[in-house]
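Chemist: Take this sequence and fold it.
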Amino acid sequence: MAIPQDYYLEPLEQVIAWVRRHHGALIDAQLAGFLRSFERLPRPARRLLVRLLLRRGPDFRVDLLDYPEVGDASRAVLALMLSGLARPVPDPCRRLALLRMPELRRLLTEAEPGRVVSGRREELLACCVALPPTRPGSPLPQVIELTVGDGVDLLRLLYFGSLRQDLTEFILADIGTLRWQPVPLQPRLPWRSSEHLRTSLGIRRACDRVRQLVEADAQDPVAADRLERMLEPVPRDRGALRGRERALLRLADLQARRGSPRRQLALLRRVDTPAAREAICRLLARRGRVAAAERLLQRMRSDSRDAAERHFAERFEPRRGRCRPQRRGRIRVDRWHLSRMPGLGVEQQVVAAHGRGGGLALHLENRLPAMLFALGFWDILFRPLPGAFVQPFQAGPLDLFEPGFRPRRAAAIDERLDRIGTGRYGIESFLDVIRRHAGTVNPFLRWWPTEIRVARLVLQSLSLPARRAICDRVADAPTRARSGFPDLTLVGGAPGCCEFVEVKGPGDQLRGEQRDWLEFLQQAGLPARVLEVRWA
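Modeler: Numbering: from 1, shown residues only. Got it, this is the predicted structure:
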C-alpha cells in the first residue's frame with residue numbers, strides 16, 4: 001500500500017494550525033518568522049524538512065536523502081538552504097563521521113595505496129581524521145544541518161504541553177501502534193506570554209543537558225556552572241518547575257562529588273522538595289551544624305510533604321548523622337532461608353518457592369493499585385474538565401498528580417467508590433474496561449497480554465471493602481500507585497484469600513512509603529507482611 005505523499009508533512013501542518021488557532025497570542029516575532037519560512041517552502045522541501053526532523057541529527061548526508069514523496073532531494077535541500085532552514089556543514093571531521101565502513105576503508109586505501117586497513121569504526125575514523133588535508137582520494141559527501149532554531153520545540157511545547165512528545169505520536173496513532181482516548185479538548189496552557197514560554201523552553205533544555213552530563217559522568221565544572229546559571233529563572237508551569245528541581249538536585253550531587261559542600265548546599269536551598277530538605281539535613285549534620293539541622297527537622301515534622309519525609313524527620317539524628325533503625329511496629333516479619341539461584345532476583349526466587357509449595361504468587365508491586373484505579377475510574381480519569389486535556393495525545397489529565405486532582409472530581413469519585421464498596425461496580429465492570437479500552441494509552445497501565453487474567457485473579461481475591469479502600473487511597477493521591485506497594489500478591493481465588501508480601505533481601509530495609517502501604521493494608525483488614533530472605 002502506497003504511503004500518501006503528505007503522510008509525514010500533515011502532522012506538522014496540523015500542529016501549526018492548532019497553535020495559531022488556540023495559542024496565537026504566544027507566537028512571537030521569531031516563531032512567526034520560522035512559520036513564514038516554512039510555509040513559503042516548495043512542498044517537496046517541506047516534506048524533506050519533516051522527514052529530517054523525525055531523524056536523529058544534527059548532520060545529514062545529501063546523497064543519502066532518498067524519499068519518494070520528495071523527489072529530487074538536491075533541489076529540496078537547496079530550497080531549505082535558501083530559506084535559512086538548513087546550511088552546509090564545512091567541517092571535514094563532521095562529514096567524515098557520516099561515512100560508512102566501506103567508505104572509510106576506501107578513503108584510507110586511496111590515501112595510502114597498499115595499506116592493510118582493519119579495525120573498528122572508531123579506529124578507522126581516527127585514522128581518516130589524521131590524514132593531511134591534501135590527501136588524494138574521493139571527495140567527502142555534502143552534509144547539511146538544520147537551522148530551525150527554537151521553532152519546532154516551541155510548537156511542540158505549545159501543542160503537547162511538554163517536550164516528551166513529538167510528531168511521531170501522530171504517526172504511531174495513525175498506523176494503530178498507539179491508541180489515545182478521545183476526549184473533548186479545552187486548550188488552556190500555563191503560559192501568559194511568549195517570554196514565559198521561552199523561559200520554560202530554556203529550563204527544559206537545560207534539564208536535558210544536566211541529565212546528559214550526569215549520565216555521561218562527565219567531569220566538566222565549566223559546563224556544570226553554565227547549567228546552574230541557565231536554571232536560575234523560575235518557570236511558570238509545573239512541568240518545567242519539576243524538571244528544574246530534579247536538575248538542581250543532580251547538580252548538587254555533582255558538587256558533592258567534587259568536594260564542594262558550600263556549592264552543594266546553595267543548590268539544594270534552591271529546591272523546595274522533600275528530597276532536597278532531606279539532603280540539606282544530612283549535609284548540615286555532616287558539617288557539624290546540628291542546631292540548624294534540628295530546626296529543619298522540626299519544620300519537616302510539622303509540614304511533611306509525604307510519608308517518606310515524615311519517616312525521615314522522625315528517625316534522623318543530627319548528632320549521629322544517621323537514622324535510627326525503624327521500629328517493626330505491628331507489621332509481621334517472617335524470615336526464609338533459600339538457596340541462591342543465579343540470574344534470578346530475590347522476588348523471583350520467592351515466587352518460585354511459593355510455586356513449588358502449590359501456592360500462586362504474583363509479582364505485581366505497584367501494578368496492582370495502578371490497575372485497580374485505572375479500571376475503576378477510567379471514565380472519571382478522562383473527564384473533559386477545563387484545562388485537563390489540551391491536545392489529543394495525552395495519557396491522562398494534566399492535573400493527575402496535582403493536589404487538586406481529587407477535589408475537582410470529588411462527587412464522581414465518591415459515587416464510584418460507593419458503587420465499588422457495595423458491589424454495584426463489580427468484577428465484570430472492571431474487566432469490561434479492559435475489553436473496551438485494551439491498548440489505549442493510560443498512565444497506570446502497560447497492557448500486558450495477561451491483563452484480564454491477572455485482573456480477574458486479583459479482583460476475585462479482594463473483598464469489596466478492600467477494593468474500595470485501595471482505590472480510595474490512590475484517588476486521594478495518584479502518586480501512591482507508583483511506589484511502595486508490596487512486591488508479591490498471594491491469591492487464593494476467593495474473597496479474602498489474598499495476602500501481600502514485601503520481600504527484602506540481605507541488607508535491604510523498608511522505605512517510608514513501603515511501611516505506609518503495609519500499615520494501610522493491615523488497617524483495611526488485609527494480611528500484609530515483610531519476608532526477609534537470607535541465603536542458605
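Chemist: shaky segments in the stretch 51-200 of the chain?
Modeler: 134-138, 172, 174-177 (pLDDT under 70).
Chemist: Can you show me the helices along the stretch 51-200 of the chain?
Modeler: Secondary structure of the stretch 51-200 of the chain (DSSP state H, counting those that start in this stretch): helices at 73-82, 92-96, 101-111, 121-129, 151-160, 168-174, 194-215.
Chemist: List the neighbours of the helix or strand hosting Arg453 that are in contact with it.
Modeler: Following DSSP states H and E, one finds Arg453 within helix 451-461. With contacts defined as C-beta atoms under 8 Å, 6 or more residues apart in numbering, helix 451-461 is touched by 360, 362, 364, 368, 371-372, 375, 427, 430-431, 434-435, 438, 445, 448, 467, 489, 491-498. Just so you know, the C-beta spots here come from the backbone N, C-alpha and C atoms, and that holds for glycine as well.
Chemist: Just the buried ones out of those, please.
Modeler: 362, 364, 368, 371-372, 375, 430-431, 434, 445, 467, 489, 491, 498 (16 or more other C-beta atoms under 10 Å).
Chemist: still on that earlier bit, for the helix holding Arg453, could you pull out the residues that count as buried?
Modeler: 451, 454-459, 461.
Chemist: now stretch 48-59
Modeler: 48-52.
Chemist: Check stretch 99-110 too.
Modeler: Residues of stretch 99-110 classed as buried: 99, 103-105, 107-108 (neighbour count, 16+ other C-beta under 10 Å).
Chemist: What separation is there between the residue most central in space within the chain and Ile16?
Modeler: The centre of the chain sits closest to Arg164, judged by C-alpha atoms, centre = their mean, with a distance of 7.7 Å. Arg164 sits at a distance of 20 Å from Ile16 (criterion: C-beta to C-beta, to the nearest Å).
Chemist: I figured Gly84 hits Leu146, correct?
Modeler: No: contact status for Gly84 versus Leu146: not in contact, 10.5 Å apart, counting by C-beta atoms under 8 Å.
Chemist: Just the ones of the contacts of helix 451-461 in helices?
Modeler: Using DSSP state H, 368, 371-372, 375, 427, 430-431, 434-435, 467 are the members of those that sit in helices.
Chemist: nearest to Val183, of the residues you listed?
Modeler: Checking these against Val183 with C-beta to C-beta, the nearest one is Leu375 at 17.9 Å.
Chemist: doesn't Phe430 make contact with that closest one?
Modeler: Yes: contact criterion C-beta under 8 Å: Leu375 and Phe430 qualify, at 4.4 Å.
Chemist: what's next to the helix or strand hosting Leu48, contact-wise?
Modeler: Using DSSP H and E, Leu48 falls within helix 43-53. Identification of contacts with helix 43-53 by C-beta under 8 Å, 6+ apart yields 5-6, 8-9, 11-12, 38, 41, 60, 65, 67, 69-73, 75-77, 79-80, 83, 85-86, 146, 148, 152, 167.
Chemist: And the pLDDT for Pro495?
Modeler: Here the pLDDT value assigned to Pro495 is 62.
Chemist: As a markdown table, the buried residues of helix 451-461 with distance to Ala410 and pLDDT would be great.
Modeler: Listed next are the buried residues of helix 451-461 as a markdown table, based on distance: C-beta to C-beta, whole Å; pLDDT from 0 to 100:
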| residue | distance to Ala410 | pLDDT |
| --- | --- | --- |
| Glu451 | 29 | 88 |
| Val454 | 30 | 91 |
| Ala455 | 26 | 93 |
| Arg456 | 30 | 92 |
| Leu457 | 31 | 90 |
| Val458 | 26 | 91 |
| Leu459 | 25 | 92 |
| Ser461 | 29 | 90 |
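Chemist: Would you mind giving these as a markdown table with distance to Ala528 added?
Modeler: Output for the buried residues of helix 451-461, formatted as a markdown table (distance: C-beta to C-beta, whole Å):
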| residue | distance to Ala528 |
| --- | --- |
| Glu451 | 24 |
| Val454 | 19 |
| Ala455 | 20 |
| Arg456 | 22 |
| Leu457 | 18 |
| Val458 | 15 |
| Leu459 | 18 |
| Ser461 | 14 |
